[in-house]
Each structure stands twice: as structure tokens, then as C-alpha cells.
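[1] dropping a prediction and its sequence here:
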Amino acid sequence: MSKFGRMGESNTPQGGGDNGGVELRVAQEMVELIDIANREGEQGRPVDVHAWIKAVHEAHPSLRWGDVIRVYDSPMRQLPDTTWSLRALANILSLSPSPAPSSDDPRSNRPAPPPQGFVSSPGGTSAISGLWSPWANPLLQFTLVDRLVYLAISSTSSQTSTDASFHLSSLPSIHKLVLPEDASHASPTIKSLATSVQSSAWNCAELVKTLIRLGAEGGGEVQARAHELLDRGCKSNPELMLIGLIQIEVSRYSSRVISVRNVLNSRSNLGSQKPWNALHAELTARLLSTFLAGHPSHQLVFLRLHQLDRQFLYAALRDFYAESEMNVTRIVDIAQDLKALDEILDSLRPFELALDMAALASRREYLNLDKWLTSQIKSHGGGLVRATLEFVGHKVGHELNRQEMEMQVEPTTLALNAATIAILMRVSRAK
């Protein structure tokens, strides 16, 4: 460590602790190191950040690296703002020790294997964890997050950059929104989609949650900039943004919560399940509409929604049908892609929606309508019989009204063919 002058000299006890004194001294060393790396880098002389991390870890294996990063939560401290200083910080985030994931947290990224990576002793924290908790200076927090997102995006898009190995979503302790194994039993198309987002900066649950919090409570400039960055994420990786947004269960960062219906006058059931703030609800509703209407990554999105929160998915499908009964074709497509037609038919109410889906699935030869309806009537009795008769009356009445009109109008519900009507009526009357 002699290369860095007095860095590494410390009169603190070995092993960490000291009520944060060790973290503060290491943080001061880190700032010096980043300054040195910036100066040396401009002269074409890269600094061995890994050697410093190794020396610190050997002296303080339980160091709270998250607290070390919080040294930048001060208006007196200049944030890294050059290419070389950001690369040095990125290396520290990538190579610094992190706790080994516990068995009940399998989605947490593991530290890099030795000799590059280090596992913290009990009590230690990862460096990147310091960026996710609330800061006293939210503008500084957002600015640092923004710069790291930009660095990760530029690294991923560059084929020649020397920092091309920096992926925000691959840092130790990060929870990826999409893992390859999430699609292990899915189609080749979905597997390919899951693989394609592994290096994206937006494949990071903590990033989405932190930006939503800053966008809700960070103050005027922070809110505006957080909204802008979130909007960029929605444009570049809408699938990851939506998957991340639905996992933020309760908006603890704002006392004012709002349902999705109050934002877009649609999807009212979603708000009752997840009391989100206005920004969270607006982004979720916008992205959900995009994928319900059709998007190249829709299969991956609905697979993860089905894995993560089926009630949310069912509510979305119900509201989509309430907007237009013609949307039943898209709903059946989604159910078939998920290989979950029977499950979704059993779960969706009102009966009208399940009947409309079953009728279309039967016409496409996905379902034996006679057998399905007989089984359902055994379970639900007279209520389903009445609903079936009303459903047939609604469909037939709509078609007759259209035929009587002088000017041809677009249908607002999918017509039933004669064979389907015959099955519905026969099974209903038999019961």
C-alpha cells in the first residue's frame, strides 16, 4: 500500500467495529484512492483497486461497506464525476466484500469467487447496499445512482470499453428481477428473452424501488430527475420496469396512496391490492397497458407476473376484459402462452369472462367445452346455469342488433358460432 502514501496506515483495532470509526477511516481512504485513480488514469497508469480492497478486508473482515459508500452523503464531499473516478468506484462496488446469501434469500447475487471476490464476516454489508437506504441528501444519492446507471448502460453498449465488465445488476447482494432459471421450463423464446436482459442495469430490484421512493419523496429537483430516469427505463427495458414495480408491495415512502383507477380510470382492482403512490401507479398502469396490447417481450412479462403475483395478473385480465369484451382474444392468448388456461378459467370472475374465454378456447380446440361446463356447473350450481343463459342471450342479442342496423358497426363482443351456442344451451338445460 506504500504506493498510495499513508493510505492503509491505521491505529484502529483489527476486525472492525469501533462504532463506525473504522468505516469512516476506510471511507476517507476510499475517497483518496478514487482521487488517485482519477489522476493516474488520465496519465494512462491504472491503479490496482483490488489490492487495496484485499488489504482492507484482511484487516476488517466485518466492515460495513455500505456505510463506507455513505461517505458521499454530504454536501462537503464531491461525487465521482469523471470517467476514471467512476470506473474506480465501479470497481470498488464490484470487488468489495459482501455477505454470502442466506438459504432464504436465493435471488441475492453472490460475491465474486476468489481470488477476485471476498465474503464478509458476520455483520459486514455490501458496498452497493449503501446506495439503497434513504440518504440525508437525496439529491446526492440520486446523482450518484444516475451516474452509475449511465456507466452501466454505456459499459453494456460498448464493445471496446475497458469497464465493459461493470454491470450494476450483477453486483454482490443485488436481487435480479429476471434470472435465467425463471424461464427454465418455458419456451425457447422466453428463455432467449430472459437471457437478453441479464446485463441490463434495470435488472435490479433495488434500483427500481429506490428510484420510486426518490420520485415520491425526494423534493422538487430530485422528483423531476427521478421521473425522467424512470421514464428512460420504461422506454429501454419496459419488461424489467413492470416486473420491478409490481414487487414493491406497499408504498411506505408516502402517506398518500392512490389506486390505478384514479390515475388512468382503469384497472381499479389493482389499487386495492397494492396501495401505491401516484407515480408508482401511473407507471405500472402505463406499462401494463403496453404489454396487454402486445409487446415483443410480453411472454416474459406475463410469465414473471404469473410466478410473482397471480392475483395481480388476474385483476389485470379482469379489468382488461371490462374495458372491452373483444379483449377476450388477447386474454386467451396470454393464458395459452402460460400453459395455464384451466387455472385461469377457474380463477377469473365474473362467470361471463370465464364463459367467453372457454367458448373461444373451444373454438380454437384448446378446450372441451362440454366437459368443462359440466364440471363447472357441478361446482357452482344454479348460479352458473343462470350466468350461462344470460351470456348466450347477451351474445345473440348483440349480434341480432348489429344485423338490424342500416349502417354496419364494429362488434363490441365476440360472436358465438352455432355449435358453441348449442353446447352451452344443452349442458345448461341438462342441469
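    Perfect, thanks for sending it.
[2] in terms of secondary structure, what does the helix or strand hosting residue 227 contact?
    Element membership for residue 227, per DSSP states H and E: helix 220-236. Secondary-structure packing of helix 220-236 (3 or more Cβ pairs under 8 Å, 6 or more residues apart in numbering; DSSP states H and E): helix 138-157, helix 205-217, helix 238-245, helix 278-293. To be clear about C-beta, it is placed using only N, CA and C from the backbone, and glycine gets the same treatment.
[3] let's see that with 6 Å instead.
    Where contact means 3 or more Cβ pairs under 6 Å, 6 or more residues apart in numbering; DSSP states H and E, helix 220-236 is packed against helix 138-157, helix 205-217.
[4] these: lowest mean pLDDT?
    With a mean of 88, helix 138-157 has the lowest mean pLDDT of the helices and strands packed on helix 220-236.
[5] need the helices for the stretch 251-400 of the chain, in chain order.
    260-264, 268-273, 278-293, 298-308, 310-323, 328-337, 341-347, 351-363, 369-380, 382-404 (DSSP state H, counting those that start in this stretch).
[6] got the buried residues for the third one?
    Pointing back at helix 278-293 there. Of the residues in helix 278-293, 278-288, 290-292 count as buried by neighbour count, 16 or more other Cβ atoms under 10 Å.
[7] name the helices or strands packed onto that helix?
    Against helix 278-293 (3+ Cβ pairs under 6 Å, 6+ apart) you get helix 205-217, helix 238-245, helix 260-264.
[8] please produce a markdown table containing the ones you listed, extended by distance to residue 394 and mean neighbour count.
    Shown next, in a markdown table, are these (distance: least, Cβ to Cβ, whole Å; neighbours: other Cβ atoms under 10 Å):
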| stretch | distance to residue 394 | mean neighbour count |
| --- | --- | --- |
| helix 205-217 | 41 | 22 |
| helix 238-245 | 33 | 26 |
| helix 260-264 | 25 | 19 |
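[9] related to what we said a few turns ago, any chance of the helices and strands packed on helix 220-236 in a markdown table, plus distance to residue 183?
    As requested, these are exported to a markdown table (distance: least, Cβ to Cβ, whole Å):
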| stretch | distance to residue 183 |
| --- | --- |
| helix 138-157 | 20 |
| helix 205-217 | 17 |
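[10] in the stretch 301-431 of the chain, which ranges drop under the pLDDT threshold?
    For the stretch 301-431 of the chain, the stretches with pLDDT under 70 are 406, 431.
[11] name the nearest residue to the residue nearest the centre of the chain, ignoring sequence neighbours.
    Here the mean C-alpha position of the chain is nearest to the C-alpha of residue 244 (Cα atoms, centre = their mean), at a distance of 1.7 Å. Excluding the flanking residues, the one nearest residue 244 by Cβ to Cβ, 6 or more residues apart in numbering is residue 208, at 3.4 Å.
[12] that concludes my questions; thank you for your assistance.
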